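Enquirer: below is the structure, and that's it, no one-letter string:
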């Protein structure tokens, strides 16, 4: 193995984010974010500035914006950055888009978030119960595991289409779509967490007559929380996806419909602006809330740092 | 003090045969419950299509099976499935080509690693619906759009494993090849490629699973042929039967690819390196 891999387990810590390749394959360890000041001393001052991590991140963002600008100039379809920003400003403040068309933002957003929340509030507990049953008992696993895998294999689009055909232009359709996409993700992850609980620990807690309540709190919750949170995070992201699809194809309100409305009206700047809002919303939720929770839950579990893939957000 | 029970060979064999019988019982119970599970799945489907919805909203399993069979025998099926498969594989191969270059950069260059990390984090956390719709804006209804988007989504997964494979290569092998006077291209072909290939394949399988989902969704928004387009057309003409049949067939083909093709290649490679 390389030097890096040998060094890795010895000094894991927040300041030395050397990662372990898990998730994909236990082959190698790659250092992440290793534009360290120590290595930088050999560079001249201006080059050292270019090697600051936040400068590199800024450069990455500028590259993406440059690609956008290029697409705007090269084709006639992609709206320019300033058009999108000013359009969304009108949309958010409720100003006029020209003529009778008024901006509408908070109403649509509130409605969609409400549907999203209801769907997740039903789907996540339902998936959790299913996952606990599949994980805890052999014959329930035989009974329900394949069905859950079938549900997992179906893309969110299909659920979204089925829900909007079944329930029409109501709020039920998006909610049902969110529920149906959320359930298998939570169930599969939680059941693998339950199956991963050390049988010896269960045996020991029994022979030491640990109370039922402590068994549940320390063994079941402690052991499955990381997996459960992974499932919940996936339920959040795929649920958002299917909500948007239902609203795009079969709704007369909500954020997905609003984006579709501007697309059909050939106002691409409005449509692109809304799509960016979808991205920002789910990214903020994912990065600032869900991933942090997940990371904290994984901390006790002999996993010193993030895996390479996790650090890259996959 | 622990009291150690006296253990005779007879007791051991009696115990083990009892245990063994119990294990066999348990295995049969499990198989039986799998069977019951499938029966229940189909039963619930019938229940929903007959009693909860009507057969037009959710056709019964046998109707969907029949529809799938008629689809397979029609010429429509081959042209659409072919169009989708070509796009999935085209995007996938494009992703592999890009990944080889970027994976190299990630493995050996810290600056590029930090730069690409930021971009990958953004791409990966974008909802795939948003990507599909943006494809529609940038490329319009075309067959190039889905290929590009599929490549963009699949690249991070393969790239990551190319980098992992490259850093996992035994440095001593490279030093040795250099001291035996091997050229750079010989080292790449003889050392780097074979020892990183298994890691790359593991990523490729995951990337393929991501790729076909992305491609299907992009076709739903921005294509004029292909399975995704057919699913959308069935949806818009309220033809649930056709919609489910197309979905089932597409997933079946993709799972065959994932499980048969990739697993075969992986097994063959593992046999060679072991």
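Expert: Structure received. Please read all numbers here as calculations on a predicted model, not as lab measurements.
Enquirer: mind checking how far residue A:174 is from residue B:31?
Expert: 39 Å (Cβ to Cβ, to the nearest Å). All C-beta spots, glycine's among them, are computed from the backbone N, C-alpha and C.
Enquirer: higher neighbour count, the two?
Expert: Remark: of residue A:174 and residue B:31, residue A:174 carries more neighbours, 31 against 11, as counted by other Cβ atoms under 10 Å in any protein chain shown.
Enquirer: roughly how far apart are that one and residue B:259?
Expert: Counting by Cβ to Cβ, the gap from residue A:174 to residue B:259 is 33 Å.
Enquirer: swap in residue A:176?
Expert: Distance from residue A:176 to residue B:259, by Cβ to Cβ: 30 Å.
Enquirer: more crowded one of these two?
Expert: When residue A:176 and residue B:259 are compared for neighbours, residue A:176 comes out ahead with 24 against 11, by other Cβ under 10 Å.
Enquirer: who's in contact with the residue lying closest to that one once chain neighbours are set aside?
Expert: In space, and not counting its chain neighbours, residue A:176 is closest to residue A:163: 4.4 Å by Cβ to Cβ, 6 or more residues apart in numbering or on different chains. Residue A:163 makes contact with A:172, A:173, A:174, A:176, A:177, A:180, A:242, A:246, according to Cβ atoms under 8 Å, 6 or more residues apart in numbering or on different chains.
Enquirer: and for the closest residue to chain A within the stretch 151-274 of chain B, the neighbour number?
Expert: Relative to chain A, the nearest point of the stretch 151-274 of chain B is residue B:168 (3.4 Å; Cβ to the nearest Cβ). Using other Cβ under 10 Å, residue B:168 has 23 neighbouring residues.
Enquirer: what of residue A:120?
Expert: 22.
Enquirer: ok, it to residue A:156 distance?
Expert: Applying Cβ to Cβ, the value for residue A:120 to residue A:156 is 14 Å.
Enquirer: what's the answer for residue B:121, then?
Expert: Residue B:121 is 22 Å from residue A:156, where distance means Cβ to Cβ.
Enquirer: need the contact list for residue 142.
Expert: This is for chain A. Residue A:142 makes contact with B:29, B:30, B:31, B:32, B:33, B:34, B:36, B:37, according to Cβ under 8 Å, 6+ apart.
Enquirer: I was after chain B.
Expert: So residue B:142 contacts B:222, B:223 (Cβ under 8 Å, 6+ apart).
Enquirer: could you list the domains of the chain?
Expert: Picked chain A for this. Residue ranges for the domains of chain A, per automatic domain parsing: A:50-101, A:107-311.
Enquirer: my question was about chain B, not that one.
Expert: Following automatic domain parsing, one finds the domains of chain B at B:9-58, B:61-273.
Enquirer: single out the most deeply packed of these.
Expert: Highest mean neighbour count among the domains of chain B (mean count of other Cβ atoms under 10 Å in any protein chain shown): domain B:61-273, with a mean of 19.
Enquirer: ok, back up a step: quick one: which of the contacts of residue A:163 is most hemmed in?
Expert: residue A:177 (33 neighbours).
Enquirer: what packs against the helix or strand in which that one is found?
Expert: According to DSSP states H and E, residue A:177 maps onto helix A:172-195. Applying 3 or more Cβ pairs under 8 Å, 6 or more residues apart in numbering or on different chains; DSSP states H and E, one finds that helix A:172-195 contacts helix A:106-136, helix A:138-153, helix A:156-167, helix A:222-250.
Enquirer: report the angle between the next helix or strand after it and helix A:222-250.
Expert: Following helix A:172-195 in sequence order, the next helix or strand is helix A:199-207 (DSSP H and E). Here helix A:199-207 points in a direction 120 degrees away from that of helix A:222-250 (axes from the mean of the first three to the mean of the last three Cα atoms, to 10 degrees).
Enquirer: nearest residue to the middle of the chain?
Expert: Answering for chain A, as no chain was given. The residue lying closest to the centre of chain A (Cα atoms, centre = their mean) is residue A:237, at 4.2 Å.
Enquirer: correction: the question concerned chain B.
Expert: Mean-position check on chain B, Cα atoms, centre = their mean. Result residue B:209 at 2.6 Å.
Enquirer: please state the backbone phi and psi of residue B:222?
Expert: Backbone geometry at residue B:222, expressed as degrees, to the nearest 10, gives phi -140, psi 70.
Enquirer: element containing the nearest residue to it once chain neighbours are set aside, please.
Expert: Spatially, and ignoring its direct neighbours in sequence, residue B:222 is nearest to residue B:136 (4.0 Å; Cβ to Cβ, 6+ apart). Per DSSP H and E: residue B:136 is located in helix B:128-139.
Enquirer: contacts for that helix?
Expert: A:71, A:75, A:77-78, A:241, A:244-245, A:248, A:259, A:263, A:268, A:271-272, A:275, A:278-279, B:145-146, B:148-149, B:152-153, B:213-214, B:217-218, B:220-222.
Enquirer: right, and the residue of the stretch 151-274 of chain B closest to chain A touches residue B:199 too?
Expert: Yes. Using Cβ atoms under 8 Å, residue B:168 is in contact with residue B:199, at 6.3 Å.
Enquirer: one step back: export the helices and strands packed on helix A:172-195 as a markdown table, with columns for mean pLDDT.
Expert: As requested, the helices and strands packed on helix A:172-195 are exported to a markdown table (pLDDT from 0 to 100):
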| stretch | mean pLDDT |
| --- | --- |
| helix A:106-136 | 93 |
| helix A:138-153 | 87 |
| helix A:156-167 | 90 |
| helix A:222-250 | 88 |
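Enquirer: ok now the helix or strand harbouring residue B:35, how far from the chain's centre?
Expert: Using DSSP H and E, residue B:35 sits in helix B:9-47. How far helix B:9-47 lies from its chain's middle: 30 Å, per Cα atoms, centre = their mean, to the nearest Å.
Enquirer: by how many degrees do that helix and helix A:138-153 diverge?
Expert: With the same axes, to 10 degrees as the basis, helix B:9-47 and helix A:138-153 are set at 40 degrees to each other.
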